[in-house]
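K.L.:
Pasting the sequence and the predicted model now:
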Amino acid sequence: MTISKLTLIGAVFLAVLWSTIPTSAARAACPASITASLNVFVSGQLSDLFFDNQCQYLYATNKTQNRIEVFSLQTRTLGTPITVGSQPTSIDASPDGQTLYVANSGENDISLVSVAQRVELRKRNIPFGPLHETPYSIAVAQNGTVLIGTTFTGTAAPGSGYDGYGNYVLQYNPATGPLTDTVVPRLTGPTGGTTVVKASGDRSVIGIAVGDNSFGTVDRYISASDTVGANNALEAYISSIALDQTGAVSLVNSGGYVLNASLNLSGRISSAGGAVAVDPSGATGYAVGNDAIDVLNLASFLKISTLTAPGADSAITISPDGTLLAVATSNGFEVIVAPQSVAPSLHIITYSTAQTQDQSFLRFYNAGNAAGTVNVTLADLNTGQKFSTWTSPSIPSGAAPQYSISVAEAAAAHPFVKPTYYMTTIQASFPGTFAHVLWRPGGGMLTNLSTCNSIIPAAPTRLVNVHSSLLDYGFPSSVNIVNTGAQAAAPTLGLYDAATGSKLGAATLAQIAAGGAQIISVDAIERAANFTPASVTDHYLNHYVVKLEGAFAGYLQHLLQNLQPGITTDMTTVCPLPH
């Protein structure tokens, strides 16, 4: 019996129909007795790991010893290894858990292993193409189809039409036997190309990552329809992919790409660039680096923590219940209790656009050294039902943009009935501050409604979203400067563009007596800085970030005059962004 080539151009066409679909084995919880890391010594080089559905055993491909290591999670001991083909690099199991499938990269075949008998039952040959490619990665779908990503070494004969090609996906279906299909390369790429395949937890989806190729294409094989659906070219060199339980979330490295069920980019996370795993819920990801594992929050796109894992380098997997990780190390493997990422967050009540009397606006200041984003989730105040999660555009370092709550509402995947108020959760990928501003259009009134989990120091030397003189028609801003020093001193205020974070100028003002204060309008500050907001032509310069600079000892206060009602509002209060 042989295995056919699977054609992959644009979409993948699978020409197999089968008469039986294997029954998926029930998934059990892992042993609760494992509460600390287990380091297991194994002679050889491990290239892939796999927890069985019952979480009783961990299997590992030993590439240099041509065998499968068998580790009991109950007794915490290694059993007799299972001899397979040459240089096994990847392992997966049938949906019923009774058969292991092993990709043998040192020869043109895969091994089928009986879980009950712990022996190799047979091998299935892969027909050599013009590149003499061999199996590299293997994954089994819910319907029983086995997908095999390949690799090769060397270069095809010049003029053969295959030079530089190496990324194939092959297909084998145990229920129907051999097939005939045309050998067609997926994409051009450097010699030595590899393609990685990985199944979701329920095996309804197999992710396909075309590696060692600058296109960085990701595809999804859908078990129920026997088709490859969405695809996305990340235009990056990628080497690893992992999916959650249902395939709704994929994590792709290198690059920390988080993709949704349509393979659209949800966000990116700066983390280690090695092998990856995703917990069943899709909330947490794990990325292997040198001697460490980064723990990633896949909703806020943040690296939450880093686990020390000496020797960790090449492969990682997660148990079916999401409680255990296993990572290959330089001298074997380590089993680790999987930490769950809980991104720090700020919770506030905001007004929806269902009512028009008051409108919520959110202001974010990036105090970090690099650009970042903010996630805003809107939920029902009483039930907690989530309506929408919005990710901001990239916010430059030093910038303080403002967004209407309507922007977050518009990000909802489905229409919903807007309540009067939202429970709003805010998560940021950078340090900084947040303010909740309420605008009452009918009364011409701006109010600061910022409520904080923790308090920013009460003597700020930086003010955000101070109005430029362009807004003097209805909401002019002034800055109160307080001298807390023992001597009179002249303060210097730096003016920064709140949209970009770039410095626009500086104003050195008149001396303020020790213990004294001075209230100065923004219009006067602009004149002292010899700057006019109208000189910025690519956007409306409505807001500044104002910083107290130099050796002046003191603090700032932002006072905003609402001209229509004749009320002055203190806009100074901001909340620290959770980070």
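P.N.:
Sure thing, it's come through.

K.L.:
Please enumerate the strands of the stretch 51-200 of the chain.
P.N.:
57-62, 67-72, 77-78, 82-83, 88-93, 99-104, 109-114, 119-125, 134-140, 146-151, 169-172, 194-199 (DSSP state E, counting those that start in this stretch).

K.L.:
need the ones you listed in a markdown table with mean pLDDT, can you?
P.N.:
Shown next, in a markdown table, are the strands of the stretch 51-200 of the chain (pLDDT from 0 to 100):
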| stretch | mean pLDDT |
| --- | --- |
| strand 57-62 | 96 |
| strand 67-72 | 97 |
| strand 77-78 | 96 |
| strand 82-83 | 97 |
| strand 88-93 | 96 |
| strand 99-104 | 95 |
| strand 109-114 | 93 |
| strand 119-125 | 91 |
| strand 134-140 | 91 |
| strand 146-151 | 86 |
| strand 169-172 | 80 |
| strand 194-199 | 88 |
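
K.L.:
Distance to residue 567 and mean neighbour count added to the ones you listed, as JSON lines?
P.N.:
C-betas here are computed from N, CA, C, even on glycine. Putting those into JSON lines (distance: least, C-beta to C-beta, whole Å; neighbours: other C-beta atoms under 10 Å) gives the following:
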{"stretch": "strand 57-62", "distance to residue 567": "67", "mean neighbour count": "24"}
{"stretch": "strand 67-72", "distance to residue 567": "70", "mean neighbour count": "20"}
{"stretch": "strand 77-78", "distance to residue 567": "74", "mean neighbour count": "13"}
{"stretch": "strand 82-83", "distance to residue 567": "78", "mean neighbour count": "18"}
{"stretch": "strand 88-93", "distance to residue 567": "67", "mean neighbour count": "25"}
{"stretch": "strand 99-104", "distance to residue 567": "71", "mean neighbour count": "26"}
{"stretch": "strand 109-114", "distance to residue 567": "75", "mean neighbour count": "22"}
{"stretch": "strand 119-125", "distance to residue 567": "79", "mean neighbour count": "14"}
{"stretch": "strand 134-140", "distance to residue 567": "64", "mean neighbour count": "27"}
{"stretch": "strand 146-151", "distance to residue 567": "66", "mean neighbour count": "26"}
{"stretch": "strand 169-172", "distance to residue 567": "67", "mean neighbour count": "24"}
{"stretch": "strand 194-199", "distance to residue 567": "59", "mean neighbour count": "26"}
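
K.L.:
Nearest to residue 315, out of those strands?
P.N.:
When the strands of the stretch 51-200 of the chain are compared by C-beta to C-beta, strand 57-62 sits nearest residue 315, at 8.1 Å.

K.L.:
Next one, pLDDT for residue 174 please.
P.N.:
The score at residue 174 is 77. That number is its pLDDT.

K.L.:
That one contacts residue 146, correct?
P.N.:
Yes - assessed by C-beta atoms under 8 Å, residue 174 is found in contact with residue 146 at 7.4 Å.

K.L.:
Show me the contact partners of stretch 365-374.
P.N.:
Applying C-beta atoms under 8 Å, 6 or more residues apart in numbering, the external contacts of stretch 365-374 come out as 267, 301, 364, 391-400, 426-434, 464-465, 501, 545, 574, 577.

K.L.:
how about residue 406, secondary structure?
P.N.:
Secondary structure, DSSP: H, G, I helix; E, B strand; the rest coil: residue 406 is helix.

K.L.:
contacting residues around it?
P.N.:
residue 353.

K.L.:
For it, give its distance to residue 211.
P.N.:
Separation of residue 406 from residue 211 (C-beta to C-beta, to the nearest Å) stands at 41 Å.
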